[in-house]
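Asker: all I have is the shape, not the residue letters:
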RNA sequence: CGGGGCGUAGCGCAGUCUGGUAGCGCACCACACUGGGGGUGUGGUGGUCGCAGGUUCAAAUCCUGCCGUCCCGACCA
């Protein structure tokens, strides 16, 4: 690539709309340009990165026994109606109508189409398992696209689907995909964790996310400092005490707490730690009435855990404060379990509290010295896991403590069970001649998001620092005064040819720009190797070499510089 | 969808409160100088001020409506 010929519109200034490093650098380095909210053009340098990532993904998937297919972006509503998702998906599913008034959607994912394909083409257990994937454009009309291509509406995803006659086969492929994803991320040179995850609304049980570690990540990951336990915060658990604590010997007393409606305010007023307080939240129950969720004062409700509990409405909705006042006679901020006649669920940690502080169900009053059993009846079955874990909680496998880090979800693998094969009727004849519904797995990698995730992890003040595996080219030849100096032009052109002959790719900056501009762009674009060719060095038959991640140039004889690339 | 910004040249912004010739820096074009970390000078190109209505002698500026876009919360690769 010659910079003079390349559509490579670098920017000196930060675009006003880009907040996170990857978005900013992708715009500045000329990788992408925005077309509409969450919709982007990919320019030549960006496309080269995409292709490199795709090549690695393909290679590893093929090596793991998956086969590539290509399915349509535009899909008929009939299939989506059959699975039931036409009505479930809501406005995130972009819909359109053809000239014959038939309804279609832009595919956000492909379970329907792949299951349809398999139910038509696979009739026998002998043809199983099958593991099929594609790399293709998806469209999800996100409520709020953000962070450039990190959360865009149109994006490229590698999505794979596997089909099995039994759970053993499912487990085997799931494991193979787990290992495959790990290898892909290792080859990309990324720091990552595979974490236990909630399977969201796609359904199914067993599920792992592959999280690229980055402070700007949208997800919080809890991991054991000792073992390899790691889970998304929304899923992470800890070790639970086996039984509620024995009551303390404090006396139950009602105290005035005017204007103290938050745990922090109550704790300060009464001069007790938040860990000695209990907070009571009310959400809508399955029967329409409110249900109390009781947590230790310093803990956060985990909404995902809560909405999966029996008796709690999903999705989680907080109860109407006015309705609560009507039922209890007090407002939010003064509510508590003592004397409460509504159903409640108590978090394990809250159940361990003794002589605790809680709302008195009377505006402006709290109880102190409250105890489970003595002051509030506590059914063992009502003690559940309701909260987000916190750093320092014991790891649920009993090894070490939990610590937190942030991550970007770059891949997700699920076991879907029979959710789609059932509704769409994908089955085969088993060895015994019985009709068996297929088990299904699904596996995704966000290809376009991967580009952003890599940059989040690999950049500095000056620009991107591409890992070799995905860099848009290997070597940046900064040819100083190329347009004027015959010596520079000859040496740079020769170097360019030699690099390509050796199997690497180079970007030759042959533009009639000043040195400062070229150096700044080289840092910004971030190719792993840089060779500076200038008259000054050429006098001694030398050029300068610098790795992008190193601080300083070293002078190298022109004839030896190619060997530096291997070092 | 709720809350908060922003929309003036390719990019970054001023001008809007207080209506009166549409500006600055960078980029771009030409020429000259310069030539190892975004250089200097001279001269230029480029804008229906997001769109539509309204008020006014006069609207980037005031009013109404709409659109776009970004950020914060619920969804997800």
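Answerer: Cool, got the structure. In this text the structure is predicted, and so the values were computed from the model without any measurement.

Asker: ok, so what distance separates the most centrally placed residue in chain A from residue A:109?
Answerer: Within chain A, one residue has its C-alpha closest to the average C-alpha position: by Cα atoms, centre = their mean, that is residue A:409, at 1.7 Å. Distance, residue A:409 to residue A:109, by Cβ to Cβ, to the nearest Å: 15 Å. Using the backbone N, CA and C atoms, a C-beta is placed for each residue, glycine as well.

Asker: next: residue A:298.
Answerer: Taking Cβ to Cβ, one finds residue A:298 at 39 Å from residue A:109.

Asker: do the same with residue A:206
Answerer: According to Cβ to Cβ, residue A:206 and residue A:109 sit 18 Å apart.

Asker: ditto for residue A:90
Answerer: Relative to residue A:109, and taking Cβ to Cβ, residue A:90 is found at 14 Å.

Asker: neighbour-wise, which of those two wins?
Answerer: residue A:109 (18 against 9; other Cβ atoms under 10 Å).

Asker: let me see the ranges of the strands in the stretch 201-350 of chain A.
Answerer: With strands called from DSSP state E, counting those that start in this stretch, the stretch 201-350 of chain A shows them at A:207-213, A:219-224, A:230-232, A:253-256, A:278-284, A:290-296, A:344-347.

Asker: over to the stretch 1-150 of chain A?
Answerer: For the stretch 1-150 of chain A, the strands defined by DSSP E, counting those that start in this stretch cover A:32-36, A:39-42, A:67-68, A:74-76, A:95-97, A:103-106, A:130-139.

Asker: please name whichever of those strands is nearest to RNA strand B.
Answerer: strand A:32-36 (3.5 Å; Cβ to the nearest atom of the strand).

Asker: contacts only, for residue A:519.
Answerer: A:478, A:532 (Cβ atoms under 8 Å, 6 or more residues apart in numbering).

Asker: quick one: it is in a strand?
Answerer: No. Under DSSP: H, G, I helix; E, B strand; the rest coil, residue A:519 sits outside any strand and is assigned helix.

Asker: packing partners of the lengthiest strand in chain A?
Answerer: Taking DSSP state E as the assignment, the strand of chain A that covers the most residues is strand A:402-417. For strand A:402-417, the contact count by 3 or more Cβ pairs under 8 Å, 6 or more residues apart in numbering; DSSP states H and E identifies helix A:167-187, strand A:192-196, strand A:207-213, strand A:219-224, strand A:439-446, helix A:447-457 as packing neighbours.

Asker: does RNA strand B sit close to that strand?
Answerer: Yes. If you take Cβ under 7 Å from any atom of the strand as the test, strand A:402-417 does meet RNA strand B, through A:409-412.

Asker: list the buried residues in the next helix-or-strand element following that strand.
Answerer: Per DSSP states H and E, strand A:402-417 leads on to helix A:419-424 as the next helix or strand towards the C-terminus. Neighbour-count burial for helix A:419-424, counted by 16 or more other Cβ atoms under 10 Å, picks out A:419-421, A:424.

Asker: what mean pLDDT does the helix or strand following helix A:419-424 have?
Answerer: The first helix or strand that comes after helix A:419-424 along the chain, using DSSP H and E, is strand A:427-429. Averaging pLDDT along strand A:427-429 yields 96.

Asker: neighbouring contacts of the very next helix or strand once past strand A:427-429?
Answerer: Under the assignment DSSP H and E, the closest C-terminal helix or strand after strand A:427-429 is strand A:435-437. Contact with strand A:435-437 is made by A:125, A:165, A:418, A:421-422, A:426-430, as judged by Cβ under 8 Å, 6+ apart.

Asker: distance from strand A:435-437 to the middle of the chain?
Answerer: Distance of strand A:435-437 from the chain centroid (Cα atoms, centre = their mean, to the nearest Å) equals 34 Å.

Asker: residue numbers of the stretch 51-200 of chain A in contact with RNA strand B?
Answerer: Checking the stretch 51-200 of chain A against RNA strand B by Cβ under 7 Å from any atom of the strand, the hits are A:92, A:109, A:140, A:142-147, A:149-152, A:155, A:157, A:200.

Asker: are any of those buried, and which?
Answerer: With neighbours counted by 16+ other Cβ under 10 Å, those contain buried members at A:109, A:140, A:142, A:145, A:147, A:149-152, A:155, A:157.

Asker: taking those residues one by one, which sit in helices?
Answerer: Taking DSSP state H, every one of these sits outside helices.

Asker: how many other residues sit next to whatever residue of the stretch 301-450 of chain A ends up closest to RNA strand B?
Answerer: Per Cβ to the nearest atom of the strand, residue A:446 is where the stretch 301-450 of chain A lies closest to RNA strand B, at 2.7 Å. Counted by other Cβ under 10 Å, the residues lying close to residue A:446 total 25.
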